[in-house]
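Provided below are the primary sequence and the corresponding predicted coordinates.
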Amino acid sequence: MQPTRKDATVATETSDDEIPEDEREALLTIGHGAVVTSGGQSLQQALTTATEYALAQGLGPVVYGVYAFAWRITQLLFRLVNVGSIATLQRYLSAYSDDPDRQGRVVGLAYLTTLVVGIGLGGGVILASGWLNDATVSHPDFPPTIQLFAALIVLVGIVNIHAGVFRAVQSARGEVLFNRVLRPAVKLAGAVGAIALGYSAVGVAGAFVLGMAVLVVVGFPMVVSASGIRPVFRGVRSEARRFYNHSGPIALSSLGKVFQNRVDVMLVGFLLTASAAGVYNVVLVLVTLAWIPLLSFNMLLPPVASGLYADGEMTTLNAVYTAVTRLIVTCVVPILAVLVVYGREVLSVFGPNFTAGYVPLVIYLGGVLVGSAVGATGWLLMMTDHQYARMGLDWLLAVLNTVLTFAFVEAFGLPGAALGTAIAIAVQNTIQVFLLRHFEGLWPFDATFLKPLGAGTATVVVMLFAREVLAGVGGVLFGLVVGAVTYVGTLVVLGVNDRDRLVVTALAARYRRTVSAAIDERRSNRSQDG
């Protein structure tokens, strides 16, 4: 039986004891996934930043720009290669928990689809490499570099399925291990090794391919052992219709989002210079920091939301949606504040030429704020079987964004690329939150959202003052400290929501017990050895 819209109501303030048990369990599951994922995301960002720093210094601005443009094109295809399979795994593996054979067919279809599409996309990249080079950067290293990256499309797609299976069975650690730790670690090792051996962009690409191939081979038995799900290809035709009915629209949505959110990368390469592509690549690396809270809380929200929706628990789903979205806003605001105030100093670490990315960075962060403030709107549309609505919206705004971004890049240069994408992110997420309200009655906003926004405003003011008073590295460190104190202090004064307090205190107690148990076990082992 499908849930009805009238079941969803906005959660009100309650004490910890009055929070329903199913809501508590959902919040703690999602919160734990966010903690694990944020740690993995932070490590991923550190590894990614180190990789880009090593490449920017080792290749020089022009060759690095060639590499960056080839890498960004390949990243766009990473978004398409799984053909919606990742979201479909989230939707159906938990629903088929009592039917291992059916789970195996779903996973088998995900791997098979990714392999076939990856080979097709990779072949297209190889055939188009010469044309792309002539139309964009016109550098001899570009064609062989992107041809090697074509092999990565297949390899990364399979690693994505490895991680997607872990995520679908609510194992945040498994997903984080593959996507947030091993993938960027392989990339960093390849970059450092290739640069140390004196290779240029082509050698770097070859090192990436070799490392990812090892990860694909090693990862498969790990996935089967940990999830208990073995891919099955016999009888997949019986599952294919339902699988592709869900994954097909999501795949088309992903294609639309490539034009909507990543057309800026293409236009920077086509209309500007290789150096500008390198600067914009570093901007996107820093923007990834601001997406960490949203991505972290979205780790386990989809399978949890799918279960609540299937059981018709719309009141609980709306309460969880509200609480999680508020937690996302609370976590993202201080990151945005730091990047806005000290973004120029951070960009200068990559070299003096990269400070040209400050204005695009600030513009892009406006879109991040809106996208984070509405929470998991896209995932919730997919988990409540409105994937066709999202697909239509993605394509509508893809066309709008392509037109706007082209005009903005022509008019404003590099800042125009960020402006077009920021507008697209803001418009899409605003429409999606209203679609959720229309279809399912889900609405996350209440007055409690003003508290983190108020604390963030106070933090920006304090850090701007600190920046004017003290310059240099010492001034940045001082500004970060007083900013953190201001943010936390203002939140405490304004009052912390009961559900937010529940997530923080319950998870902190759980981790203290885990650490204490580990310490006690270690002491016991030492005593026995003695």
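Happy to help now that I have it. Numbering: from 1, shown residues only.

Read off the pLDDT value for the nearest residue to Ala56 once chain neighbours are set aside.
Nearest non-adjacent residue to Ala56, counting by Cβ to Cβ, 6 or more residues apart in numbering: Tyr64, 4.9 Å away. For glycine as for every other residue, the C-beta is placed from the backbone atoms N, C-alpha and C. pLDDT, Tyr64: 87.

likewise Thr14?
50.

isn't Val346 right next to Leu339, touching?
Yes: the pair Val346 / Leu339 is scored as a contact, 7.1 Å apart, by Cβ atoms under 8 Å.

which neighbours do those two share?
Contact criterion Cβ atoms under 8 Å, 6 or more residues apart in numbering; residues shared by Val346 and Leu339: Leu286.

Show me the shaky parts of the chain.
Scanning the chain for pLDDT under 70 picks out 1-17, 259-262, 527-530.

Nearest residue to the middle of it?
For the chain, the residue nearest the mean C-alpha position is Leu295 (4.5 Å; Cα atoms, centre = their mean).

Now do the same contact list for that one.
Thr37, Gln41.

Look up how far Asp22 lies from it.
In this structure, Leu295 and Asp22 are 25 Å apart, going by Cβ to Cβ, to the nearest Å.

cool, and Gly31?
From Gly31 to Asp22 the distance is 15 Å (Cβ to Cβ).

The lengthiest helix in the chain: what's the following helix or strand?
If you go by DSSP state H, the chain has its longest helix at helix 21-78. Sequence-wise, the next helix or strand downstream of helix 21-78 (DSSP states H and E) is helix 85-92.

Against which helices or strands is the helix or strand following that next one packed?
Remark: after helix 85-92, the chain's next helix or strand is helix 100-135, criterion DSSP H and E. Secondary structure elements in contact with helix 100-135, counted by 3 or more Cβ pairs under 8 Å, 6 or more residues apart in numbering; DSSP states H and E, are helix 21-78, helix 85-92, helix 142-168, helix 237-271.

quick one, the first one and helix 237-271 angle?
By that I understand helix 21-78. If you take axes from the mean of the first three to the mean of the last three Cα atoms, to 10 degrees, helix 21-78 sits at 60 degrees to helix 237-271.

As a check, name the ranges of all helices in the stretch 351-500 of the chain.
358-373, 377-383, 387-412, 414-440, 450-469, 472-494, 498-529 (DSSP state H, counting those that start in this stretch).

Give me whichever of the ones you listed is most buried.
Stretch with highest mean neighbour count among the helices of the stretch 351-500 of the chain: helix 377-383 (a mean of 24; mean count of other Cβ atoms under 10 Å).

CA atoms only: put that helix into CSV for me.
Written as CSV, here are the backbone C-alpha positions of helix 377-383 (Å, rounded to 0.1, in the frame of the first residue of the first chain):
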residue,chain,number,x,y,z
THR,A,377,15.7,16.3,-2.3
GLY,A,378,17.0,14.4,-5.2
TRP,A,379,17.5,11.1,-3.3
LEU,A,380,14.1,11.4,-1.7
LEU,A,381,12.4,11.8,-5.1
MET,A,382,14.1,8.6,-6.2
MET,A,383,13.4,6.7,-3.1
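
Distance of Ala319 relative to Ala172?
Separation of Ala319 from Ala172 (Cβ to Cβ): 21 Å.

which of the two has more neighbours?
For Ala319 versus Ala172, the count of surrounding residues by other Cβ atoms under 10 Å is larger for Ala319: 26 against 23.

Format the helices of the stretch 351-500 of the chain as a markdown table; extra columns: distance to Leu308.
As requested, the helices of the stretch 351-500 of the chain are exported to a markdown table (distance: least, Cβ to Cβ, whole Å):
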| stretch | distance to Leu308 |
| --- | --- |
| helix 358-373 | 22 |
| helix 377-383 | 9 |
| helix 387-412 | 18 |
| helix 414-440 | 11 |
| helix 450-469 | 25 |
| helix 472-494 | 28 |
| helix 498-529 | 16 |
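
Mind checking the ones you listed for the one nearest to Met299?
Closest to Met299 of these, according to Cβ to Cβ: helix 377-383, at 10.3 Å.

Quick one: distance of the closest one to the chain centre.
Put simply, helix 377-383 sits 15 Å off its chain's centre (Cα atoms, centre = their mean, to the nearest Å).
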